[in-house]
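> okay, sequence plus prediction incoming.
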Amino acid sequence: MSVTDQAFVTLATNDLYCQGALVVGQSLRNHRTVRKLVVLITPQVSGPLRVILSRVFDEMIVVNLLDSEDYAHLTFLKRPELGITLTKLHCWTLTQYSKCVFLDADTLVLSNIDELFDRGEFSAAPDPGWPDCFNSGVFVFRPSLETHSRLLQHATEHGSFDGADQGLLNAFFRNWATADIHKHLPFIYNLSSSTVYTYGPAFQQFGASAKVVHFLGPRKPWNYTYNLQTGSVVEQGSGVASRQQEPFLGLWWSVYHGQVLPLYAHGPAARRDASPGPAVCLGGPDVSCGNSASGTRELCVSSASSMEVLPRATPALEPDAEVGETDPSSEDCRSEDMVECPEIEASAGVTCDPQSLTPPLVQSAETQSISPENKIEVGPAADSLEPSQEPLAEVARYPGLQQALEVHPV
Ligand SMILES: O=c1ccn([C@@H]2O[C@H](COP(=O)(O)OP(=O)(O)O[C@H]3O[C@H](CO)[C@@H](O)[C@H](O)[C@H]3O)[C@@H](O)[C@H]2O)c(=O)[nH]1
Ligand SMILES: [Mn+2]
């Protein structure tokens, strides 16, 4: 029984964060949410990624801070560093929903969390760095244009003590820490993957009940390389991922590899006649190629699965160059087994060359401002997916979690 007036919401301002958003959406579907899935994107997100997002999310809404008619833009023109912050605040404009749960694009849902909709605004979990502040990677809110404009006004008048949304939201909802314990979400709804280091015994005691893991901080799951054979995750440039983080990274990658990458292999984003875009390749030595030196984005996956083999516009890099560098620790890793995220420029506001990425089919998905009319309905994406199920047994069982629990803190 679906609940149509409540939604999970995430945000991606560029193609790289879209990889995370896709995993967030897919992980919610894996655990049979009955709420709608919404992704906020900015104009920098390329056409092909919009097509892929539309296969997971019910609604994709383009928010554009650069629209001259956007009052946020007019107010904040001189505060460019708050751009991404403001983008997150736009979730309050989703007034077609009575209640929403925001999830950062660097989170991974480990079980059904629809019970979060029983909470009121503003509910969030403590930040591991300063527990009297909440972390703004997971929060329950009630869309309201009035709240939205009050938030923007607060930002204009007071700025943000950390220069980003978390500082602003903590200042705005400043009685969160004391007013109502029901608005303190348990930490298991926003488990920082790095917390494993800082309080190992607590993780050992409670880690198995984690419901949402959050890869907060500068290193995101898509910065790692995944070994298909061993299921291990390798940090680019510096060997294996920490043992404590690895199970969660492995879960992220199992969703990404098993369910998100196949979405690239079907439909318009991967049409044979499309202009060069993300291509999913299969097997052979052309692995770990996603290097964008040529200007062409390619997503090359070596896998035993039956993905469509697509022609590539430019030759892939020789595999040994990258694999050798990124995996100094495991000599027995064969390059064919390594998978990386597509190489996409990560900087906010600067993403892929739309000319090379956007196939004609999706060029009509033009950028728009934030008013409700600008919503792009992309349904029935969800309905066209396979019926929700637990497709990855290992995700359901948390295979690595046990291993993590056996690891003692350093
Ligand atoms: O270039 C970017 C950067 C961020 N985001 C979105 O904004 C979120 C927050 O950024 P993130 O890199 O996840 O920040 P964290 O490492 O999680 O850092 C903390 O600090 C941020 C700034 O206050 C908060 O937004 C986070 O919730 C908080 O966990 C992401 O998940 C995305 O949804 C983008 O779409 N593009
Ligand atoms: Mn985050």
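Nice, thanks for sending it over. Ligands and ions are numbered 1, 2, ... in the order given.
> count of neighbours near Asp5?
Neighbour count of Asp5, defined by other CB atoms under 10 Å: 11. Heads up, the C-betas are built off the backbone N, CA and C, glycines and all.
> what helix or strand is it on?
Assigned by DSSP states H and E, Asp5 falls within strand 3-12.
> please report phi then psi for Cys18.
Backbone geometry at Cys18, expressed as degrees, to the nearest 10, gives phi -60, psi -30.
> ditto for Pro43
Dihedral angles of Pro43 (phi, psi; degrees, to the nearest 10) stand at phi -60, psi -20.
> ok, now Val62?
When read as degrees, to the nearest 10, the backbone of Val62 gives phi -90, psi 130.
> number of residues surrounding it?
21.
> my read: it touches Gln44, true?
No - look at Val62 against Gln44 with CB atoms under 8 Å: they stay out of range, at 10.2 Å.
> make sure Phe203 is indeed in a helix.
Yes - looking at Phe203 with DSSP: H, G, I helix; E, B strand; the rest coil, it is inside a helix.
> excluding chain neighbours, what is closest to the closest residue to ligand 2 within the chain?
Scanning the chain for proximity to ligand 2 using CB to the ion identifies Asp104 as nearest, at 3.4 Å. Among residues not flanking Asp104 along the chain, Gly137 sits closest, at 3.8 Å (CB to CB, 6 or more residues apart in numbering).
> and the stretch 101-250 of the chain, which residues reach ligand 1?
Proximity of the stretch 101-250 of the chain to ligand 1, by CB under 6 Å from any ligand atom, involves residues Asp104, Ala105, Asp106, Asn135, Ser136, Gly137, Asp162, Ala164, Asp165, Gln166, Leu216, Gly217.
> same thing but at 8 Å, please
For the stretch 101-250 of the chain, the residues in contact with ligand 1 (CB under 8 Å from any ligand atom) are 104-107, 127, 135-137, 160, 162-167, 192, 214-218, 220.
> would you map the strands across the stretch 151-300 of the chain?
Taking DSSP state E, counting those that start in this stretch, the strands of the stretch 151-300 of the chain run over residues 191-192, 212-214, 224-227, 233-235, 239-240, 280-282, 299-301.
> strand partners (parallel or antiparallel) of the longest one?
Think strand 224-227. strand 233-235 (antiparallel), strand 338-340 (antiparallel) (DSSP bridges).
> among the ones you listed, which gets the worst mean confidence?
Per-segment mean pLDDT for the strands paired with strand 224-227 reaches its minimum on strand 338-340, at a mean of 69.
> which stretches of the stretch 1-150 of the chain form helices?
Ranges of helices within the stretch 1-150 of the chain are 15-30, 47-54, 71-76, 83-89, 145-158, based on DSSP state H, counting those that start in this stretch.
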